[in-house]
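Visitor: Below: sequence and its predicted model.
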Number of protein chains: 2
Amino acid sequence: MSAGRDIDALIEMLAKLPGLGPRSARRAVLQLVRKRELLLMPLADLMHEVAVNVRECTRCGNISEGPVCPICLDQKRANGELCVVEDVADLWAMERSGNFKGRYHVLGGTLSALDAVGPEELRIPDLVQRVEDEGVTEVILALNATIDGQTTAHYIADQLEGTVRLTSLAQGVPIGGELDYLDDGTITAALRARKEL
Amino acid sequence: MSAGRDIDALIEMLAKLPGLGPRSARRAVLQLVRKRELLLMPLADLMHEVAVNVRECTRCGNISEGPVCPICLDQKRANGELCVVEDVADLWAMERSGNFKGRYHVLGGTLSALDAVGPEELRIPDLVQRVEDEGVTEVILALNATIDGQTTAHYIADQLEGTVRLTSLAQGVPIGGELDYLDDGTITAALRARKEL
């Protein structure tokens, strides 16, 4: 490009973000430069703030501005339910649905023989410890319905068997989903788990 | 969300960038937090650098890290050709094509009766002045093929008539374009401007 080294570097770095490629990164940088006071300056400051202050919650693995995240600090959420998710994005998705009132445990991934990810890399020992220490009565496994996700769910179920009630999210037709566009596995699962009307 | 005020503010601000919505902004923030040292910190610093150092080139309107941009400083590009573009993104597009060896003049938009944009808002007086001062021999109007772009091109042509050679980009079938997917206007323009083989 022809605008200078910092601009080129900024474009290159923004292009690494998920959802942005070189083209949209260029458009984003032009917009940022155009709105210097309104967008670029505050964004730089905010990123700096976040880089300095945000860390992993020491209890659940959520990202947080303090050592313990707001959900773990909220005593109203100590209802004995613990929802196990793969990563923070999944935790946010659960929170957006707005119906879960317990706490979370973020694994930080799934078991994977290929990538050499074992239970120690995944906060699974922490999970077993929390179930003992925090008076957990139900562990809800909200892992992705992928092979790695389900392998991890089985492993956790083995570890916790007999100590606590274990549940997992229901599988079936998504709300608003059309049968014609669903894969065979989902239809099979929905048929097996059919309910009386 | 549930991660804290700064994180929510960062998501909201990133979601305003072109090409990013709330969903991809959330994914971007998670990636940034995960790669704090490698991505978030350098990005914050770089944005701060750019916010402080980058301004409009006083001659051509390109964005630049000094008062005058590298293209205007490059004496090899003083070949008498001046390419008039609507905005910096168009200048970058011309530069990527790599075939224009002259200098640019960035209007910063197009004339628009609806938005009350007149010639003074668009560096058009500056353009007339540059043509006089800089020994320009050819002005290439590389404005978008929209109504506003073409209106602006006509206005500039009127202003410069008789002082300099005036050209505009050719219109026709894009390289790799399929006739079946082209609009009627483009096909008509390409037919009118047909060339001997």
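Guide: Received the coordinates, thanks.
Visitor: List of residues touching the lowest-mean-pLDDT helix or strand in chain A?
Guide: Lowest by mean pLDDT, DSSP states H and E among the helices and strands of chain A is helix A:184-192, with a mean of 85. By CB atoms under 8 Å, 6 or more residues apart in numbering or on different chains, the residues outside helix A:184-192 that reach it are A:171-173, A:179. Backbone N, C-alpha and C define where each C-beta goes, glycine included.
Visitor: okay, now the domains of chain A?
Guide: Annotated domains of chain A cover A:5-53, A:77-168 [automatic domain parsing].
Visitor: and these, which is most packed in?
Guide: Most buried of these, by mean neighbour count (mean count of other CB atoms under 10 Å in any protein chain shown): domain A:5-53, with a mean of 18.
Visitor: Could you pull up the residues touching A:Arg27?
Guide: Shown in contact with A:Arg27 (CB under 8 Å, 6+ apart): B:18-19, B:89.
Visitor: Go back to the residues you listed and keep what's next to chain A.
Guide: For chain A, the contacts drawn from the contacts of A:Arg27 by CB under 8 Å from any CB of the partner chain are B:18-19, B:89.
Visitor: From those residues, pick the one nearest chain A.
Guide: Proximity of those to chain A, judged by CB to the nearest CB, is greatest for B:Gly19, which lies at 3.2 Å.
Visitor: Surely the closest one and A:Pro22 touch.
Guide: No. At 11.0 Å, B:Gly19 and A:Pro22 do not qualify as touching, with contact defined as CB atoms under 8 Å.
Visitor: what about chain A, any weak spots by pLDDT?
Guide: Per-residue confidence of chain A (counting by pLDDT under 70) places the weak regions at A:1-3.
Visitor: if we go to 80?
Guide: Confidence mapping of chain A against pLDDT under 80 gives the ranges A:1-4, A:197.
Visitor: residues in contact with A:Ala142?
Guide: For A:Ala142, counting by CB under 8 Å, 6+ apart, the contacting residues are A:83-85, A:90, A:94, A:168-169.
Visitor: Kindly report the same for A:Val29.
Guide: Taking CB under 8 Å, 6+ apart, we find A:Val29 in contact with A:7, A:10-11, A:14, B:50.
Visitor: Buried residues, the least confident helix or strand of chain A. List them.
Guide: Burial within helix A:184-192, assessed by neighbour count using 16 or more other CB atoms under 10 Å in any protein chain shown, is assigned to A:186, A:189-190.
Visitor: top of the contacts of helix A:184-192 by neighbour count?
Guide: Note: the member of those with the most neighbours is A:Gly172, at 17 neighbours, neighbours being other CB atoms under 10 Å in any protein chain shown.
Visitor: Secondary structure element holding that one?
Guide: Taking DSSP states H and E as the definition, one finds A:Gly172 inside no helix or strand.
Visitor: That one touches A:Leu182, doesn't it?
Guide: No. When contacts are counted by CB under 8 Å, A:Gly172 is not listed as touching A:Leu182 (9.7 Å).
Visitor: anything in contact with each of those two?
Guide: Shared between the contact lists of A:Gly172 and A:Leu182 (criterion: CB under 8 Å, 6+ apart) there are no residues.
Visitor: At which residues are the helices of chain A located?
Guide: For chain A, the helices defined by DSSP state H occupy A:5-14, A:22-34, A:41-53, A:70-73, A:88-97, A:124-133, A:147-160, A:184-192.
Visitor: Pull the distance from the shortest one to the chain's centre.
Guide: What it means is helix A:70-73. Helix A:70-73 has its average C-alpha position 16 Å from the chain's average C-alpha position, going by CA atoms, centre = their mean, to the nearest Å.
Visitor: got it, and the first one?
Guide: Its chain's C-alpha centre lies 29 Å from the corresponding centre of helix A:5-14 when counted by CA atoms, centre = their mean.
Visitor: Output the contacting helices and strands for that helix.
Guide: Secondary-structure packing of helix A:5-14 (3 or more CB pairs under 8 Å, 6 or more residues apart in numbering or on different chains; DSSP states H and E): helix A:22-34, helix B:41-53.
Visitor: tell me how far the ends of stretch A:168-186 are from each other?
Guide: Distance between the boundary residues of stretch A:168-186 (CA to CA, to the nearest Å) amounts to 15 Å.
Visitor: thought A:Pro148 was touching A:Leu111?
Guide: No Pro there; residue A:148 is Asp. Yes. A:Asp148 lies in contact with A:Leu111 (CB under 8 Å); the separation is 6.6 Å.
Visitor: Give the residues shared as contacts by the two.
Guide: Common contacts of A:Asp148 and A:Leu111, defined by CB under 8 Å, 6+ apart, are absent altogether.
Visitor: Can you name the residues that contact A:Gln150?
Guide: Applying CB under 8 Å, 6+ apart, we find A:Gln150 in contact with A:Leu143.
Visitor: Equivalent analysis for A:Leu32, please.
Guide: The contact partners of A:Leu32, by CB under 8 Å, 6+ apart, come to A:10, A:39-40, A:43, B:17, B:47, B:50.
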